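In: turn this into a model:
(one chain, ligands or ions: 2)
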Amino acid sequence: MGYTIVQKIIKSHLVSGEMTAGSEIALRIDQTLTQDATGTMAYLQLEAMEIERVRTELSVAYIDHNTLQSGFENADDHRYIQTVAKKHGVRFSRPGNGICHQVHLERFGVPGKTLIGSDSHTPTAGGIGMLGMGAGGLDVAVAMGGGAYYITMPRVIKINLTGRLPDYVSAKDVILEVLRLLGVKGGVGAVIEYVGEGVKTLTVPQRATITNMGAELGATSSIFPSDELTLAFMKAQGRESDFTELYPDADAVYDSEYTIDLSSLMPLAACPHSPDNVRSVESLSGMKIDQVCIGSCTNSSLSDMLTVAAMLKGKTVHPDVSLSISPGSKQVYTMLAECGALADLIAAGARILECACGPCIGMGFSPKSAGVSLRTFNRNFLARSGTADASVYLVSPETAAASAIAGVFTDPTTLGAAPSISLPDKFTVNDNLIELPASVDEAKNITVERGPNIKPIPKGKAPDRDLDCELILKVGDNITTDHIMPAGAKILPYRSNVPKLSEFCFTVCDKDFPRRALAAGGGVILGGHNYGQGSSREHAALVPLYLGVKAVIAKSFARIHVANLINFGIVPMTLAYEKDYDRISEGAKISISGFYNAVKSESVAYLTVDGLNEKIPLNLNLTSRQRDILLAGGMLNYTKNAK
Ligand code: MIC
Ligand code: SF4
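Out: Numbering: from 1, shown residues only. Ligands and ions are numbered 1, 2, ... in the order given. Below you'll find the model as predicted:
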């Protein structure tokens, strides 16, 4: 039996475990990346584990999220990351160099290798046949120290692409179609592999748009073959020596299979407030809009920007619309300037932002009250834009540009022939904003600079012998990490300051939650399906830990978040019977007698709820490694004990 692309990469990186879908495997990690909003924690943890020098082939620290610097906090954190990276052997991508995933694809990704990043969109690297996975900062720190990365061996979903995209229909519409088909939890436990004749019609940046937004399916990763178009991209980056061909075997066996005929697709939009709430742009056309934002790690490549520039050339953005454009990297920005397309964007009235995450993570550009915002981004979770009652629609750059001119939702396919964009054979390469680490000798003299914003990381502790507390919060399905630990311009500056961050925990659902949690002395949270979907931010575990959360009970969990809970000693449990969800109310007194022992070795624990006669069975689907981490009170203690 042959192997799929992802199975080939896993096989060549397997440290332990069986390659049977559903079992725990450990992988050797070749490369890591961090970004600044999760990076400070990752490097604090690297220091806490006393790792002097990273042991990966390549590790890069990017500054791309917190670039507003409305106070000293971000600037201090940047300097911390810069100095800690230099000392410990990590390359440092300075602010202004671009969004981590875009820059990594351009300058560092290697087909066939493994990459983990403290950001959920790390699968962008799958656009060149690299296995990229999002992870919590602590897992990235462990990998930097040469430790393996543990995942559940994924199922492999094949998406067979046929045909060719029509004019004005683009890669974003492909991934929106996949989201429509599979939903935001359709990829949990799986890697999505794109194969078939249609693959040959998609360039690397288009492929990367698709693999990037596979994160919204809950997938472990998404990947394309590495073929002649990958080689052309690597050549254009001056990196052909990093190229290897990678295809699935002809007799590879997939767990499930879908076919998408690219030629049958139309412009699509994800409606508020979920990336899988997909409708045709045609059905929305004519709706008045207030804002358009183009950029983010999903759609900020040179080809996206050139397409938008060609559509805006000679036109003016509608007077009722505010249009922001953030190119994905310094390379993209430079080349836009060199070819004159930047002038076309400026002339049309676009507000050009620096190449960073910007509005995607609510760092400015919040829409007006009850505003309608069209964004080429990947997430439209409630309140993420910074305006709680705004309606955010996720669309392609083509739909965004057409609508920005018209002032209403516009299907670009109604505009006639699309502009033809040709990509240069050579990109402008200038890595001057990537700082190399110090040599081992020089490193001894480097002092890591720590600003006052950096506060100690809360420490987990072993589970209580018997759990006895309150159910402090009950929430529904698909709770995102943006609900648990919101981001945005007011909150992101405190990513290194957990006590301050805790004031905002779950406030999207319940303004009073932080106060209630502290008053109750902590407790347990009850969630629905796919609890913790979205980002890799471990703050969504660390902050609840600080507020005294000991366990989370849910119908099911998202992959990265459940790993983060375990890493910080919060016990994840699932309801054995979903119907029991309705029998537990917020505020109930609950207990589990023999909780410690259940975490140690039982597969089921029994929850007593005040006022209910029967006990509610809860599953503890934990590997023995995860049980040991929880018993140690989290990964930091666990690694210390192992020394
Ligand atoms: C996001 O898109 O939500 C983020 C901000 O990039 C996060 C990381 C973070 O919260 O810092 C992610 O996707 O992992
Ligand atoms: Fe940045 Fe947005 Fe991409 Fe997250 S999704 S890495 S915030 S651009």
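
In: quick check: closest non-adjacent residue to the closest residue to ligand 2 within the stretch 401-550 of the chain.
Out: Nearest to ligand 2, among the residues of the stretch 401-550 of the chain, is S535, at 6.8 Å (Cβ to the nearest ligand atom). For glycine as for every other residue, the C-beta is placed from the backbone atoms N, C-alpha and C. Among residues not flanking S535 along the chain, T481 sits closest, at 4.5 Å (Cβ to Cβ, 6 or more residues apart in numbering).

In: what's the neighbour count on the one you found?
Out: 25 (other Cβ atoms under 10 Å).

In: now do the same contact list for it.
Out: Contacts of T481 were listed using Cβ atoms under 8 Å, 6 or more residues apart in numbering, and they are G532, Q533, G534, S535, S536, R537, A540, H561.

In: ditto for I289
Out: D320, V321, V372, S373, L374, S403, G407, V408, F409.

In: for L336, grab the count of nearby residues.
Out: Under the neighbour criterion other Cβ under 10 Å, L336 is assigned a count of 22.

In: mind checking pLDDT for it?
Out: Looking at L336, its pLDDT is 98.

In: same deal with R94?
Out: So, for R94, pLDDT stands at 98.

In: just the element for the spatially closest residue to D77 that is not a sequence neighbour, please.
Out: Nearest non-adjacent residue to D77, counting by Cβ to Cβ, 6+ apart: T40, 5.1 Å away. For T40, the enclosing helix or strand under DSSP states H and E is helix 36-48.

In: that helix near ligand 2 at all?
Out: No. Helix 36-48 lies apart from ligand 2 when judged by Cβ under 6 Å from any ligand atom; the minimum separation is 7.8 Å.

In: again, but for stretch 297-309
Out: Yes. Using Cβ under 6 Å from any ligand atom, we find that stretch 297-309 touches ligand 2 at C297.

In: just the mean pLDDT for that stretch, thanks.
Out: According to the model, stretch 297-309 has a mean pLDDT of 98.

In: how far off centre is that stretch?
Out: Offset of stretch 297-309 from its chain centre (Cα atoms, centre = their mean, to the nearest Å): 20 Å.

In: repeat for stretch 604-619
Out: With Cα atoms, centre = their mean, you get 35 Å for stretch 604-619.

In: how far does that stretch stretch from start to finish?
Out: Stretch 604-619 has its terminal residues 5 Å apart, counting by Cα to Cα, to the nearest Å.

In: I'd like the mean pLDDT over it, please.
Out: 97.

In: and for stretch 19-26?
Out: Mean predicted confidence for stretch 19-26 is 98.

In: neighbouring contacts of it?
Out: Residues contacting stretch 19-26 (Cβ under 8 Å, 6+ apart): 7, 10-11, 14-18, 148-156, 189, 255, 623, 625.

In: among those, name the buried ones.
Out: When these are checked for burial by 16 or more other Cβ atoms under 10 Å, the buried set is 7, 10, 14, 17, 148-156, 189.

In: from those, which land in strands?
Out: L14, Y149, Y150, I151, T152, R155, V156 (DSSP state E).

In: that older thread, in the contacts of I289, which residue is surrounded by the most others?
Out: L374 leads the contacts of I289 on contacts (other Cβ under 10 Å) with 32 neighbours.

In: hang on, that one packs against T399?
Out: Yes. Counting by Cβ atoms under 8 Å, L374 does reach T399; the two are 7.0 Å apart.

In: what is in contact with these two at once?
Out: A269, F409.

In: tell me the backbone dihedrals of the residue in the stretch 251-400 of the chain that ligand 1 sits nearest to, please.
Out: Nearest residue of the stretch 251-400 of the chain to ligand 1, counting by Cβ to the nearest ligand atom: I361, 4.5 Å away. I361 adopts backbone torsions of phi -110, psi 20, taken as degrees, to the nearest 10.

In: pull the helix or strand with minimum mean pLDDT from this structure.
Out: Lowest by mean pLDDT, DSSP states H and E among the helices and strands of the chain is helix 635-642, with a mean of 88.
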